[in-house]
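Chemist: attaching a predicted model along with its sequence, questions to come.
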Amino acid sequence: MSKLSRRKFIITTGITAVGTTILHGCTGSSTGNQTATTAPSVTTTAPVATGDGPEVTTAKLGFIALTDSAPIIIAKEKGLFDKYGMTGVEVLKQASWPVTRDNLELGSGGGGIDGAHILSPMPYQMTLGTITKTQQPVPMYILARLNTNGQAISVANTYLDLKLGTDAKALKGAIEKAKADGKQEIKFAMTFPGGTHDVWIRYWLAANGIDPTGDISVIPVPPPQMVANMKVGNMEAFCVGEPWNAQLVNQKAGYTALVTGELWADHPEKAFAVRKDWADKNPKATQALLQAVLEAQQWCDKAENIEEMCNIISQDKWFKVPAADIIGRSKGEIDFGDGRVVTDFPYAMKFWRDNASYPYKSHDLWFITENIRWGYLPADTDATAVIDAVNREDLWKEAAKAIGVPEAQIPTSTSRGVETFFDGVKFDPEKPADYLNGLAIKKV
């Protein structure tokens, strides 16, 4: 492995904050909740003749039933892992993000997994040891971003008359009325504390004057259980990836307030990550996995492949949901369920276009800053050090060049620059403390 750059492009130490609470873990299922899917590939691709193959040809990779896991599934189905010499890759369905965490902590040697489709903040939480069951660090590498955009915040039909969107200020009055009428707890769901869906729903609420640490309760629910819980009234709203928002609308059990690209255009979402010890021991195998995933991302991003991709991932061995719940939003056709229907939606999920696959360090800094904002990480977290340790953009560049990505398409900066959110707030990765201190609602 090449030596990591230690250039300190950002420093967060010294952010003005009071709270330094660390989230030490989340309850979750046992590691038995994973299902192997190792069916023969749809197509057969001839192996790349390198003359110097990977150290091992096997790896165990986890995924959650979300559309943004498609590149890992497609790399398996289309024979891309085989193409790069990784002929024994197993792609294992995980029941929830806590199960993904538990299996990564175990590693394949302990009956778990080597890498996963994962919420982008989780490799940092694991590396810092704030969410592991042992409360000990499990160092991870982020090899690629799997996608940008493609999540949504959906609400119960109880609030249909409010016509909630990015502007949800009317929700505060509705929450206050529900409490006055005797409702003991107002629950909004996300998928994992400190994960992407958690920070999206908290940002949206706070931007609309609702304190997610006091006005309502934010609870974790596994993605495949979102719709069922909404239908029985266990929560008022949820943030999750597809196909679960579309399924809610298709079953007329709620509506989509906003698709997260409206909150932050082309925002980073999931990552492809592996255990550091596995990657360090198997650098050539790591490159082979990464090359296969990058090639799969390119395939998934082509308009002519979208329908086939959705039909593949909808199968029982993968998602076990109707393809109709996946195809529309993957094509940028959004039925919000409240009368709004949009075609050619500009913030549909991207796997490769506009550098969607590149793991910008500036995006990881924002996730860390938001985890500090809500008390999941201590305010004195050395963000620069942990980002340099976890984010392996250098390996991404090596893999991109190896599969023939033109030099002009490979980012030259670790930062995408200043980011602007729907409420006009800006995040300057050179000044993260200014961003955090300027937020009116926060836990720290």
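Modeler: Great, that's in hand. Residues are numbered from 1 along each chain as shown.
Chemist: which residue packs closest to Tyr286, ignoring adjacent ones?
Modeler: Actually, residue 286 is Thr rather than Tyr. Ala279 (4.3 Å; CB to CB, 6 or more residues apart in numbering). (Glycine included, C-beta is placed from N, CA and C.)
Chemist: who touches the one you found in this structure?
Modeler: Met1, Tyr141, Leu143, Thr286, Arg392 (CB atoms under 8 Å, 6 or more residues apart in numbering).
Chemist: widest-spaced pair of these?
Modeler: The distance between the two most remote of the contacts of Ala279 (CB to CB) is 11.8 Å, for Met1 and Leu143.
Chemist: shared neighbours, the two?
Modeler: Ala279, Leu395.
Chemist: between these two, point out the one with more neighbours.
Modeler: When neighbours are counted by other CB atoms under 10 Å, Met1 and Leu143 differ, and Leu143 comes out ahead with 27 against 12.
Chemist: please tell me I have it right and that one contacts Val293.
Modeler: Yes: counting by CB atoms under 8 Å, Leu143 touches Val293, with 7.5 Å between them.
Chemist: so what sits against both of those two?
Modeler: Counting by CB under 8 Å, 6+ apart, the residues touching both Leu143 and Val293 are Phe272.
Chemist: now the closest residue to Tyr435 other than its chain neighbours: how far from Val418?
Modeler: Using CB to CB, 6+ apart and skipping residues adjacent in sequence, the residue nearest Tyr435 is Phe427, 4.9 Å away. Computed as CB to CB, to the nearest Å, the Phe427 to Val418 distance reads 7 Å.
Chemist: the two: who's more crowded?
Modeler: Legend: neighbour count by other CB under 10 Å for Phe427 and Val418, higher for Phe427 (22 against 13).
Chemist: who's the more buried one bridged to?
Modeler: Glu419 (DSSP bridges).
Chemist: show me what contacts it?
Modeler: Neighbouring residues of Phe427 by CB under 8 Å, 6+ apart: Trp366, Thr369, Val418, Glu419, Thr420, Phe421, Tyr435.
Chemist: run the last query once more with 10 Å
Modeler: Contact analysis of Phe427 by CB atoms under 10 Å, 6 or more residues apart in numbering lists 264, 362-363, 365-366, 369-370, 417-421, 434-436, 438.
Chemist: from those, list the buried ones, please.
Modeler: Neighbour counting by 16 or more other CB atoms under 10 Å classes Trp264, Ser362, His363, Leu365, Trp366, Thr369, Glu370, Glu419, Phe421, Tyr435, Leu436 among these as buried.
Chemist: how far away is the fifth one from Thr130?
Modeler: Taken as CB to CB, the spacing of Trp366 relative to Thr130 amounts to 17 Å.
Chemist: what do you get for the fourth one?
Modeler: In this structure, Leu365 and Thr130 are 17 Å apart, going by CB to CB.
Chemist: quick revisit: take the contacts of Ala279 and keep only those in helices.
Modeler: Thr286 (DSSP state H).
Chemist: thinking again about what came up before, what's the farthest-apart pair in the contacts of Phe427?
Modeler: Longest span within the contacts of Phe427, CB to CB: His363 and Gly438, 19.1 Å.
Chemist: about what we covered before: within the helices and strands, which one has the residue nearest to Thr286?
Modeler: helix 276-281 (DSSP states H and E).
Chemist: now Arg145: closest residue in space, sequence neighbours ignored.
Modeler: Using CB to CB, 6+ apart, the nearest residue to Arg145 is Pro359, at 4.9 Å.
Chemist: hmm, I was thinking of Ile216
Modeler: Closest to Ile216 by CB to CB, 6+ apart is Ile186, at 4.3 Å.
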